[in-house]
Each structure stands twice: as structure tokens, then as C-alpha cells.
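[1] Sequence plus predicted model, see below.
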Amino acid sequence: MAGKKIMADKLILAVESSCDETAAAVVKNGREVLSNIISSQIDLHTLYGGVVPEIASRKHTEQINQVIEEALKTANVTLKDIDAIAVTYGPGLVGALLVGVSAAKAISFATKIPLVGVHHIEGHICANFIENKDLEPPFICLVASGGHSHLVKVLDYGKYEILGRTRDDAAGEAFDKVARAIGLGYPGGPKIDKVSYEGNPEAISFPRAKVEGSVYDFSFSGLKSAVLNYLNQCEMKGIPVVQADVAASFQKAVVDVLVDHSMTAIRESGMKKFAIAGGVASNSHLRKAFEETCAKEGISFYRPSPILCTDNAAMIGAAGYYEFIQGNVSGYDLNAVPNLRLGER
Ligand code: KG4
Ligand code: ZN
């Protein structure tokens, strides 16, 4: 072991409440998940066809303490074993974020366990470290979720260069809006994923948008409008809409753009490692498309299990660990920042 510094194990208690999942986890050394508790509010918001921020905050308040307790109990640890409390402080819904931030601050204040504010997107990226023990930066990562579509160069732990982002709707947002328009309801992503197996992805030709001046930026609002126009045209002409064909053709357009932009970034960076993250990364058709393309081009492809793609606290524990060991500890003035940008602290 000569020359190698041995560091004691670090246990992170992580809290996530940025949208519609109340989640807590215990993570060892950034990569080993001892517990990962997720209390989803999906059923509640389904009634309204999308996330209702006020209801989300109220539900987080009801759930947060028991979710944290369950995370500790499942991991078979107590607060005395915890080295740091990591919490998502942005981006997200302000009222929802505040619940997790307040809970984490209160525990930290009462126990003197250090507090670490974590960027939600950084959490999504770090979800890749959990099941891929060999993955180390640098690599390219596509983050596609309900609120974000980012192409990121992960330079080092906690160091990111944003290559491209969406100019309008996020990929997941487009899935949710199109699903609503074709009568699939909320949450749209998993429903389009499933119904697309019964449809023809070549049935309707939807646009693959390019953004002028940037090969890496995304734009999904034109695609969403094209789907809405197609549905209106069908209605006016009395042509029956084949739901599965619309879903499969829309999804193919999104997948093509995400793969195309990502492969350009991989080729131009010369990097041989590529990861995906965020709720849309759980899409089975997207995963297959990347598996095939990366295999063809000799790129190592990393993707978290679907449960670690959608919002969870284990990913916040992974990101929080790397921030903590670099000395990035937050004060009790940590606040919720709804539009926090990646790379800012
Ligand atoms: O990462 P996430 O759980 O929350 C945000 O940070 O936004 O992502 C949620 C988004 C939703 O828009 C949802 O429709 C989408 O991820 N999503 C999917 C799939 N599962 C979730 N999109 C496509 N295919 C899926 N299987
Ligand atoms: Zn998310």
C-alpha cells in the first residue's frame, strides 16, 4: 500500500425533494448504496395531469421525516454513523426544495453533522458512479430529464463544462406534453416508451430540429408543435389517429436528436466514455439506440438502472460524497435556488 493514502469510510445521508419524489438514502464512499427510499407522489399529481407545486410541497412536508428515518433504519445506521448530510438545493420547485433543505439543515444544526448542498443535475450525472465502480472522469454525459436536457463534459469530480442545453422544452417535458395530447396522461415518458412497442416509428415524419449556431443545443418545442399540428390535421380531415404510431414516431425523433448530438460531442472530444442520466435516460428505446451506436464506434457506454435515472436520493449521496471530500461544505444560510446553474455553488 506504499504511497497510497487510506481514507476512512464516509457515510452520507442524502435528501432529495426537488420535484415530486420525497427521497432519502444512505450512501457509503459515493458508490455503495446502503438504502434508497423513494416516496413518489405520482398518483396524486396524475389526477391533475402534471405536478402541482403547492401539493408537492405539502406532501414533501408530510413525508420527509419518515422517509429519512426509513433510510437510516434500512441502512442499519443511526445519525451518529453519518459523516455528512447532502441535500438537493436546486434547481427545482422552490417550495419543494425548501422542504428537503430545511430538514437537512435542522438535522445538521442539531447534530453538528456537516451539511453539503448538491446540484440536482450533478446528482443525476453521479448516479452513474453507483453501479459502475470503474467509471472515472473525464467522460461525456447526456442529462435528459423533465426539466433539463444538457450535454456535459465531466472534466473531473464536481467539474463540468456544459457543451449544449435545450433552448426551449426539455426532452422529458416534450414526452409529457405529447403524451397528454395523444391521451396517454401523466407521467408521459414511461407511457410513450411502452405504447411505442406497438407502433411504427417511421409512420409519421416529425422534424429533427437543429439549432443554428450550436451543434450541441437542443430544441424540442418545434417537435411538440409538429405533433399537435398533425393531430389537428387528422381531426379536420376525419383521419383516425393511431396513438401508438404517433408515440413511436415522436419518440424516434427525440431519440435520433439525442443520439446525433451526443455522438458529435463524443467524436469531437475524442473521449471514449459516454454516460446518460435523468428520467429520460430510463427510456428503453434510447438505451438500445445508444448501446448499438456506442458498440459500433468503440465507446464504453454507461447508464444507471432505471430506478437511479429518475429522481432519487442515492444519486445525491454520490454527488454529495465527492463534494464533501473536496471540502465543499455548506453553511446554515444554504437556501433553495430554483434556477441554480450547473457548476455554480
Ligand atoms: O429526472 P426526473 O425524474 O425528474 C426531473 O429532474 O425532471 O425526470 C422526469 C422526466 C419526466 O418528464 C418523465 O416523463 C421522463 O423523465 N421519463 C421518461 C421515462 N421515464 C421517465 N421519458 C421517456 N421514457 C421513459 N421511460
Ligand atoms: Zn431529476
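    Thanks, I have the structure now. Numbers count the residues shown, from 1 in each chain. Ligands and ions are numbered 1, 2, ... in the order given.

[2] any idea how far the residue in the stretch 201-345 of the chain that ligand 2 sits nearest to is from S305?
    Nearest to ligand 2 in the stretch 201-345 of the chain, going by C-beta to the ion, is D311, at a distance of 4.4 Å. For glycine as for every other residue, the C-beta is placed from the backbone atoms N, C-alpha and C. Using C-beta to C-beta, to the nearest Å, D311 is found at 14 Å from S305.

[3] higher neighbour count, the two?
    D311 (26 against 10; other C-beta atoms under 10 Å).

[4] Using PDB, write out every CA atom in stretch 90-105.
    C-alpha atoms of stretch 90-105 as PDB (Å, rounded to 0.1, in the frame of the first residue of the first chain):
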ATOM      1  CA  GLY A  90     -31.600  23.500  -6.800                       C
ATOM      2  CA  PRO A  91     -32.700  23.500  -9.500                       C
ATOM      3  CA  GLY A  92     -36.300  22.600  -8.900                       C
ATOM      4  CA  LEU A  93     -39.600  23.800  -7.500                       C
ATOM      5  CA  VAL A  94     -38.800  26.300  -4.800                       C
ATOM      6  CA  GLY A  95     -41.400  25.200  -2.300                       C
ATOM      7  CA  ALA A  96     -40.500  21.500  -2.800                       C
ATOM      8  CA  LEU A  97     -36.700  22.200  -2.500                       C
ATOM      9  CA  LEU A  98     -37.200  24.100   0.700                       C
ATOM     10  CA  VAL A  99     -38.700  21.100   2.500                       C
ATOM     11  CA  GLY A 100     -35.600  19.000   1.900                       C
ATOM     12  CA  VAL A 101     -33.200  21.900   2.600                       C
ATOM     13  CA  SER A 102     -35.000  22.800   5.900                       C
ATOM     14  CA  ALA A 103     -35.000  19.200   7.100                       C
ATOM     15  CA  ALA A 104     -31.300  18.700   6.200                       C
ATOM     16  CA  LYS A 105     -30.300  22.000   7.900                       C
END
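
[5] residue boundaries of the helices in the stretch 151-300 of the chain?
    Along the stretch 151-300 of the chain, the stretches classed as helices by DSSP state H, counting those that start in this stretch are 171-181, 188-195, 221-237, 243-269, 284-297.

[6] Would you convert the ones you listed into JSON lines that also reports mean pLDDT?
    Output for the helices of the stretch 151-300 of the chain, formatted as JSON lines (pLDDT from 0 to 100):
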{"stretch": "helix 171-181", "mean pLDDT": "96"}
{"stretch": "helix 188-195", "mean pLDDT": "97"}
{"stretch": "helix 221-237", "mean pLDDT": "97"}
{"stretch": "helix 243-269", "mean pLDDT": "98"}
{"stretch": "helix 284-297", "mean pLDDT": "98"}
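
[7] now, of these, which is deepest in the fold?
    helix 171-181 (a mean of 24; mean count of other C-beta atoms under 10 Å).

[8] ok, it near ligand 2 or not?
    No - Helix 171-181 lies out of reach of ligand 2 by C-beta under 5 Å from the ion, never closer than 8.5 Å.

[9] Could you tell me which residues of the chain lie near ligand 2?
    Going by C-beta under 5 Å from the ion, the residues of the chain near ligand 2 are S145, D311.

[10] For the stretch 201-345 of the chain, give the residue positioned nearest to ligand 1.
    G279 (2.2 Å; C-beta to the nearest ligand atom).
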